[in-house]
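Q: Sequence and predicted model, in that order:
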Amino acid sequence: MTLLERYAEVAGRDVVEHLRQLAGLLKGARVVHVNATATGGGVAEILAPLIPLSRELGLDARWEVLDGTPEFFACTKLMHNAIQGKRAAPDEQALRAYEEVNAGNAARLTGVLNDAEFVFVHDPQPAALIRHFSKRSGHWIWRCHIDASHPDSRVWRYLQTHVAGYDASVFSLPAFVRALPHRSYVIPPAIDPLGDKNRDLPDEQVRSICERNGLDMNRPRIVQISRFDWFKDPLGVIAAYRIAKPFLPELQLLLAGGGASDDPEGVEVLRAVREEAGDDPDIHVADLPPGDNVTVNALQRGADIVVQKSLREGFGLTVAEGFWKGRPVIGGDTGGIRLQVVDHHTGFLVASAEGAALRIRYLLHDDARRQRMGEKAREFARRSFLLTRQLREYLTLMVALQRGAEERIGAD
Ligand code: UDP
């Protein structure tokens, strides 16, 4: 079976047909994506399936990864945090390392990038490449995956000197968009329905992974999977569970997450969560190793309700993942979750532990209703949050850039 056929099976024939029509307008177009890492992180996770899918659609797509130095990555980490609002800025020397690495990579990739009709540059790390292509003929797009709504002004001013040279920018949510001297587009993130985190799993495997994590599959289960971070409000989830528990004595809660080992705050949050859970045999806390996607998948599938009770959130990937598994999601009434959870349809938005507890009781009270909402959630994810939708929007953007001022664009 071809890749497109496999996507048609899960995402729908109509969706793949639409991709074919759009790609037909771009036949053979040379498209290059550039980012900073081949593995780990959301960008790599999406580029890995996006490239072969684009190629099967007839585009000449490729993916290039920056070669960096430790000084470069230290600088871009600071930059990343500053763009997301932390008051910190790289010094002159760090910026020199940033520019030197970009210059070196520009030299290494000269042929590929000069030949490309479309170059997607992901996030701040490779943003300065464009400096070295003043005679470029292709369309260059800066794809920002991070929340740039309240950046440190010094760092943004610096980054803007590079980004301003692009032909278009893409942000993940309307709230993240920054004023730039070119058009900005909003394209939300997506999940890969064929990847380990989201593909179908045999019931037996779901059961055994859930049981291994302490869940009794014959009793109700609520699950939140998130990095151990205060903004994910794990203590609020425990509070909601405790308020609901007297009404639902069989209720179980699983809080699973990772990232605690390389993040000092994560260690502190995990400790606080364990302390708060105390010796309650129905609260399970799992510290997952990085990249254990099948476990994440199984735990979301094993849940009756997926919870993402964040206090602050961009686009919540776990919300889309829960939907895709046919689970209604109880989500914090904040950021991108507001655009994902359609109250009473795909789940509930909540602003307190009491609110979350009420919704837990409501959803567990009526299996048929919960299932109906889960089905709506899955359909919503199919249309709005899959890789195929994201690719469709990238293709549309490319067509728009290529055709410029043409008023009508006909597709067969
Ligand atoms: N995730 C994971 N293991 C964990 C915790 C989270 O693989 O232990 C995944 C989760 O399934 C999702 C991503 O990491 O795909 C988190 O993205 P999200 O947008 O929900 O939150 P972020 O961590 O980016 O704030």
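A: Happy to help now that I have it. This is a predicted model, so every value here is computed, not measured. Numbering: from 1, shown residues only.

Q: Tell me the residue of the stretch 151-300 of the chain that sits nearest the ligand?
A: Residue nearest to the ligand within the stretch 151-300 of the chain: Gly258 (3.2 Å; Cβ to the nearest ligand atom). Where you see a C-beta, it was placed from the backbone N, CA and C, and this is true even at glycine.

Q: quick one, what contacts that residue?
A: Going by Cβ atoms under 8 Å, 6 or more residues apart in numbering, Gly258 touches Arg227, Asp287, Leu288, Pro289, Pro290, Asp292.

Q: rerun that using 10 Å as the cut-off
A: Counting by Cβ atoms under 10 Å, 6 or more residues apart in numbering, Gly258 makes contact with 225-228, 266, 270, 286-292, 295-296.

Q: Just say helix, strand or coil for the residue of the chain most remote from its centre.
A: Going by Cα atoms, centre = their mean, the residue of the chain most distant from its centre is Pro246, 35.6 Å out. Under DSSP: H, G, I helix; E, B strand; the rest coil, Pro246 falls in the helix class.

Q: what ranges do the strands span in the stretch 201-350 of the chain?
A: Ranges of strands in the stretch 201-350 of the chain, per DSSP state E, counting those that start in this stretch, are 221-225, 252-257, 283-287, 305-308, 329-332, 347-350.

Q: immediately after the last one, which helix or strand?
A: In other words, strand 347-350. For strand 347-350, the succeeding helix or strand toward the C-terminus, using DSSP states H and E, is helix 353-365.

Q: Near the ligand, which residues of this protein? Just list them.
A: Residues of the chain lying close to the ligand (Cβ under 6 Å from any ligand atom) are 197, 225-227, 256-258, 288, 296, 316-318, 321.

Q: Please pick the buried ones from those.
A: Neighbour-count burial within the residues of the chain next to the ligand applies to 197, 225-227, 256-258, 288, 296, 316-318, 321; the criterion is 16 or more other Cβ atoms under 10 Å.

Q: of all those residues, which two lie farthest apart?
A: Across these, the longest distance by Cβ to Cβ is 17.5 Å; it joins Leu288 and Gly316.

Q: Around Ala107, count how many other residues there are.
A: Other residues lying near Ala107 total 9 when counted by other Cβ atoms under 10 Å.

Q: ok, and it, which helix or strand is that part of?
A: Using DSSP H and E, Ala107 maps to helix 92-108.

Q: Render the CA-only coordinates of that helix in CSV, please.
A: Extracted in CSV, the C-alpha atoms of helix 92-108 (Å, rounded to 0.1, in the frame of the first residue of the first chain):
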residue,chain,number,x,y,z
GLU,A,92,27.5,39.6,21.4
GLN,A,93,29.7,36.6,21.5
ALA,A,94,26.8,34.2,21.5
LEU,A,95,25.2,36.0,18.6
ARG,A,96,28.5,35.7,16.7
ALA,A,97,28.3,31.9,17.2
TYR,A,98,24.7,32.0,15.9
GLU,A,99,25.7,33.9,12.8
GLU,A,100,28.8,31.9,12.1
VAL,A,101,26.9,28.6,12.2
ASN,A,102,24.2,30.0,9.9
ALA,A,103,27.0,31.3,7.5
GLY,A,104,28.7,27.9,7.5
ASN,A,105,25.4,26.1,6.8
ALA,A,106,24.5,28.6,4.1
ALA,A,107,27.8,27.7,2.4
ARG,A,108,27.2,24.0,2.8
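
Q: pLDDT of that helix, averaged?
A: Averaged across helix 92-108, the pLDDT comes to 98.

Q: residues making contact with it?
A: The contact list for helix 92-108, computed with Cβ under 10 Å, 6+ apart, reads 34, 36, 64-76, 78-79, 89-90, 113, 124-133, 155, 158-159, 162.

Q: So which of the residues you listed sit within helices?
A: Per DSSP state H, helices hold the following members of the contacts of helix 92-108: 70-76, 78-79, 113, 155, 158-159, 162.

Q: List buried residues within these.
A: The buried subset of the ones in helices among the contacts of helix 92-108 - by 16+ other Cβ under 10 Å - is Glu71, Phe72, Phe73, Cys75, Thr76, Leu78, Met79, Leu113, Val155, Tyr158, Leu159, His162.

Q: distance between the ends of stretch 328-347?
A: 5 Å (Cα to Cα, to the nearest Å).

Q: ditto for stretch 112-132
A: Between the opening and closing residues of stretch 112-132 there is a gap of 13 Å (Cα to Cα).

Q: which residues does the closest residue in space to Thr388 that isn't next to it in sequence contact?
A: Counting by Cβ to Cβ, 6 or more residues apart in numbering, Ala11 is the residue found nearest to Thr388 once chain neighbours are left out, at 4.5 Å. By Cβ under 10 Å, 6+ apart, the contact set of Ala11 is Leu4, Leu19, Pro193, Leu194, Ala381, Arg382, Arg383, Leu386, Leu387, Thr388, Arg389.

Q: per-residue pLDDT, Ala11?
A: 96.

Q: Kindly provide the distance from it to the ligand.
A: Look at Ala11 and the ligand: by Cβ to the nearest ligand atom, to the nearest Å, they are 18 Å apart.

Q: Isn't Leu59 up against Arg20?
A: No. Using Cβ atoms under 10 Å as the test, Leu59 is too far from Arg20 to be in contact (11.5 Å).

Q: Between these two, which is the more surrounded one?
A: Higher neighbour count among Leu59 and Arg20: Leu59, with 23 against 15, using other Cβ under 10 Å.

Q: phi, psi of that one?
A: Per-residue torsions, Leu59: phi -90, psi 150 (degrees, to the nearest 10).

Q: swap in Arg62?
A: Torsion angles, degrees, to the nearest 10, at Arg62: phi -140, psi 170.

Q: Excluding sequence neighbours, find me the nearest residue to it.
A: Nearest to Arg62 is Val32, by Cβ to Cβ, 6+ apart, at 5.5 Å.

Q: Could you tell me whether the one you found really is in a strand?
A: Yes. Secondary structure of Val32 (three-state DSSP): part of a strand.
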